[in-house]
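Chemist: using only what follows, build the 3D model:
(chains A and B, ligands or ions: 2)
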Amino acid sequence: MKNEAFNDRNVSSDGYFKVDIAEYPTDGWAKFTRVVRRTFRAELFVGLWVVLREMLKFDIHTIQYPLEKMPIGPRYRAVHEMKRLWESDAERCIGCGLCEKICISNCIKMDTKIDEHSRKEVSEYTINLGRCIFCGYCAEVCPELAITHGGEYENCSEQREHFIDYTGMLTPLEMMANGTQKEFEGFGAITPHEDESVKKTPLSY
Amino acid sequence: MEVAYLIETVIKVVVILLVFSALAGIGTYFERKILAFMQRRLGPMNVGPFGLLQVAADGIKLFTKEDIIPTNVVAPIFKMAPVITASTAFMAAAAIPFLPEFEIFGYTVHPIVADINIGILYILGIMGVGLYGPLLGGMASANKFALLSAARGAAVFISYEVVTGLSILAPIMMVGSLSLIDFNNYQIENGWIVFNLYGVGFVAFILFWIAAFAETGRTPFHLIANDHEIIDGFGTEYSGMRWGLFFIGEYANMFFISFVIPLLFLGGYGDGSLLGALALLGKVAFFFFFFLWTRAAWPDVRPDQLMWLCWKVLMPIAVVNILIAAIIMI
Ligand code: SF4
Ligand code: SF4
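Modeler: Residues are numbered from 1 along each chain as shown, chains lettered A, B, ... in the order given. Ligands and ions are numbered 1, 2, ... in the order given. Alright, predicted model coming up:
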């Protein structure tokens, strides 16, 4: 699924029409003729035919959930993921702390330290998914596209603290080796055609 | 002879009880499946292959669920009401010939418990008594929705019972007997009653069929326990197997009415051959399916609309139908 379909917020009025409701009969004769007309036009059988047709077509729309799943849109904001750099497999997160700062439910807790190369490194990083409202601010504010939302919406664990620590979110190294890390298209990502909408700053007087 | 007759009757009773209790369960399975398919769903899928064991799971649930008698109910009546529904449904089966008679080990079996000469009257009467289940259960429940449902039950009852009775008068006049076996034999000689007497039989058939929907309380006349208006009506306060008895009664009733309609109007089991028996089962299956079919397709009417329909439309038609039948037969 591409982003375009989701970005199209244009609710057209084409699909709407007024239901044709006939005048309500007032006098007895009109009521009587309506009953007779409806009886012999066999309106009831139209409904019977419709449901029988659907049964014979057997065009089933059930999704047997644990075995089958609906495709979800790339903008869906489910459990967070931490991405790695394509070039070096190093973690993208630079420990700037913006996500912790902006999180409106205060569920991100992080700590950083200076490592042996005098670089800032994330030492602790947890998101309390029990408090997270999946607003997506953290993903939007992240300057490195490091924290993103993934499509995984099922969680279970014996302990709340398991929701969720840094290693649980980090793209596994073998995924990097296979080149299967999914770049995030969704919330906080640069939308397609963004460059077309960029306008030059009018500087010439 | 006496002993053999007794044993045969007991066996027949037990077989009918077992078969139709099981059918009531399987009927719920078919209902769910067919309704689901008509609404583009799959229905029960997880218990057993294609959800077939769902019936057993429901049975386990119903039997092991706590049986609650709420504080303010009239306990004796509250406890008795489901039994009335279930037992009258099965009592009505006594006069229904389910299959043509057949021989087994040189012994002729009549698959009817009692061929009483007022068979159809007995069946309608007992099915009428079945209404006391919802009525008493609803009134004893100390619940306003159950009370509403009981009131509706009484109103619906006096409406459709008139139509049922009047509509089969014309066929009874043709046959000259109230026994369903006589009905069947008459139709072997004179063809199906639906096509008899210049459309009189057909009108009677349609009227009886419509009344059967009210009799069994199925959509579009599902007023007594209409979930979206009065919760489950008389069943609101019931739980466990007491509720299950109402349920079994309802479905057994559907099956029996599905037997009665073809026996009365559509040639019954014919000349008694295997083909005739299979044809009867086919007709029964169709009428049962039709109950489910309409449930998927049609909306429910209001109680006043049902009464309007029964008293102002169907009853005059039924009376005129009898008159026409009488004039033709003279
Ligand atoms: S999605 Fe919102 S609530 Fe959840 S961690 Fe990010 S900023 Fe906090
Ligand atoms: S905003 Fe991004 S880079 Fe900054 S700490 Fe959060 S995840 Fe790391």
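
Chemist: and the lengthiest helix in chain A, what's buried?
Modeler: Among the segments of chain A that qualify as a helix by DSSP state H, the longest is helix A:43-57. Within helix A:43-57, the residues that count as buried by 16 or more other C-beta atoms under 10 Å in any protein chain shown are A:48, A:51, A:52, A:54, A:55. Glycine gets a C-beta too; all of them are placed from N, C-alpha and C.

Chemist: so the second one is in contact with residue B:34, correct?
Modeler: It refers to residue A:51. No: using C-beta atoms under 8 Å, residue A:51 is not in contact with residue B:34, being 9.3 Å away.

Chemist: overlap in contacts, those two.
Modeler: Listed as contacting both residue A:51 and residue B:34 by C-beta atoms under 8 Å, 6 or more residues apart in numbering or on different chains are B:293, B:296.

Chemist: what's around residue 183, how many residues?
Modeler: I'll assume chain A. By other C-beta atoms under 10 Å in any protein chain shown, 10 other residues sit near residue A:183.

Chemist: to clarify, I was referring to chain B.
Modeler: 25.

Chemist: ok, now the one 10 residues further on?
Modeler: Summarising burial for residue B:193: neighbours were counted as other C-beta under 10 Å, giving 25.

Chemist: what's near enough to touch it?
Modeler: Residue B:193 sits in contact with B:171, B:174-175, B:183, B:186-187, B:201, B:204-205, B:264-267, where contact means C-beta under 8 Å, 6+ apart.

Chemist: so which of the residues you listed wins on neighbours?
Modeler: residue B:204 (30 neighbours).

Chemist: what's the burial count for residue B:236?
Modeler: Neighbours around residue B:236, by other C-beta under 10 Å: 22.

Chemist: same question but for residue B:330, I mixed them up
Modeler: Residue B:330: 5 surrounding residues under other C-beta under 10 Å.

Chemist: so can I have CSV of the buried residues of helix A:43-57 showing pLDDT and distance to residue B:232?
Modeler: Shown next, in CSV, are the buried residues of helix A:43-57 (pLDDT from 0 to 100; distance: C-beta to C-beta, whole Å):
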residue, pLDDT, distance to residue B:232
A:48, 88, 26
A:51, 89, 24
A:52, 90, 28
A:54, 87, 27
A:55, 88, 27
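
Chemist: with distance to ligand 1 added, can I get those in TSV?
Modeler: Compiled in TSV, these are given as follows (distance: C-beta to the nearest ligand atom, whole Å):
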residue	distance to ligand 1
A:48	50
A:51	44
A:52	48
A:54	41
A:55	44
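
Chemist: ok, so of those residues, who is nearest residue B:230?
Modeler: residue A:51 (25.1 Å; C-beta to C-beta).

Chemist: for that closest one, give me its contacts.
Modeler: B:38, B:39, B:293, B:296, B:297.

Chemist: once you drop chain neighbours, what's closest to it?
Modeler: residue B:38 (4.0 Å; C-beta to C-beta, 6 or more residues apart in numbering or on different chains).

Chemist: my guess is the one you found contacts residue B:296. True?
Modeler: Yes: using C-beta under 8 Å, residue B:38 is in contact with residue B:296, at 3.9 Å.

Chemist: which SS class is the closest residue to residue B:141 other than its chain neighbours?
Modeler: Once flanking residues are discounted, residue B:141 sits nearest to residue B:237: 4.3 Å by C-beta to C-beta, 6+ apart. Going by DSSP: H, G, I helix; E, B strand; the rest coil, the secondary structure assigned to residue B:237 is coil.

Chemist: residue with max distance from the center of chain A?
Modeler: residue A:29 (57.2 Å; C-alpha atoms, centre = their mean).

Chemist: distance of that one relative to residue A:36?
Modeler: The gap separating residue A:29 from residue A:36 is 11 Å, by C-beta to C-beta, to the nearest Å.

Chemist: what does chain A put close to ligand 1?
Modeler: Within reach of ligand 1 by C-beta under 6 Å from any ligand atom, chain A has these residues: A:102-105, A:107-108, A:127, A:132-138.

Chemist: what's the pLDDT at residue A:154?
Modeler: Note on residue A:154: pLDDT of 82.

Chemist: using the three-state scheme, assign it.
Modeler: Residue A:154 - assigned by three-state DSSP - is coil.

Chemist: just the one 3 residues further on next, same as before
Modeler: Under three-state DSSP, residue A:157 falls in the coil class.

Chemist: thinking again about what came up before, just the buried members of the contacts of residue A:51?
Modeler: Using 16+ other C-beta under 10 Å, the buried members of these are B:38, B:293, B:296, B:297.

Chemist: looking at those, which one is closest to residue B:117?
Modeler: residue B:293 (35.1 Å).

Chemist: how about low-confidence regions in chain B?
Modeler: B:1, B:106 (pLDDT under 70).

Chemist: for ligand 1, what's the nearest residue on the stretch 201-330 of chain B?
Modeler: Closest residue of the stretch 201-330 of chain B to ligand 1, C-beta to the nearest ligand atom: residue B:228 (38.6 Å).

Chemist: helices along the chain, start to end?
Modeler: No chain was given, so I picked chain A. A:3-7, A:28-40, A:43-57, A:98-102, A:137-141, A:166-169, A:173-178, A:194-197.

Chemist: was after chain B, sorry
Modeler: Using DSSP H, helices in chain B cover B:2-38, B:54-64, B:75-92, B:119-129, B:132-140, B:144-167, B:169-175, B:180-190, B:200-216, B:227-230, B:240-265, B:274-297, B:303-308, B:315-329.

Chemist: would you tell me which of the ones you listed gets closest to ligand 2?
Modeler: The nearest among those, by C-beta to the nearest ligand atom, is helix B:2-38 at 46.2 Å.

Chemist: helices or strands up against the closest one?
Modeler: helix A:43-57, helix B:54-64, helix B:75-92, helix B:240-265, helix B:274-297 (3 or more C-beta pairs under 8 Å, 6 or more residues apart in numbering or on different chains; DSSP states H and E).

Chemist: deepest-packed of those, please.
Modeler: Ranked by average neighbour count under the criterion mean count of other C-beta atoms under 10 Å in any protein chain shown, the helices and strands packed on helix B:2-38 are headed by helix B:240-265 at a mean of 24.

Chemist: just want the angle from that helix to helix B:75-92.
Modeler: With axes from the mean of the first three to the mean of the last three C-alpha atoms, to 10 degrees applied, the angle from helix B:240-265 to helix B:75-92 works out at 30 degrees.

Chemist: chain A against chain B: which residues are in contact?
Modeler: By C-beta under 8 Å from any C-beta of the partner chain, the residues of chain A that approach chain B are A:35, A:44, A:47-48, A:50-52, A:54-55, A:58-62, A:64.

Chemist: residue A:156: which of these is nearest?
Modeler: residue A:64 (19.2 Å).

Chemist: contacting residues for the closest one?
Modeler: With C-beta under 8 Å, 6+ apart, residue A:64 has these contacts: B:42, B:45.
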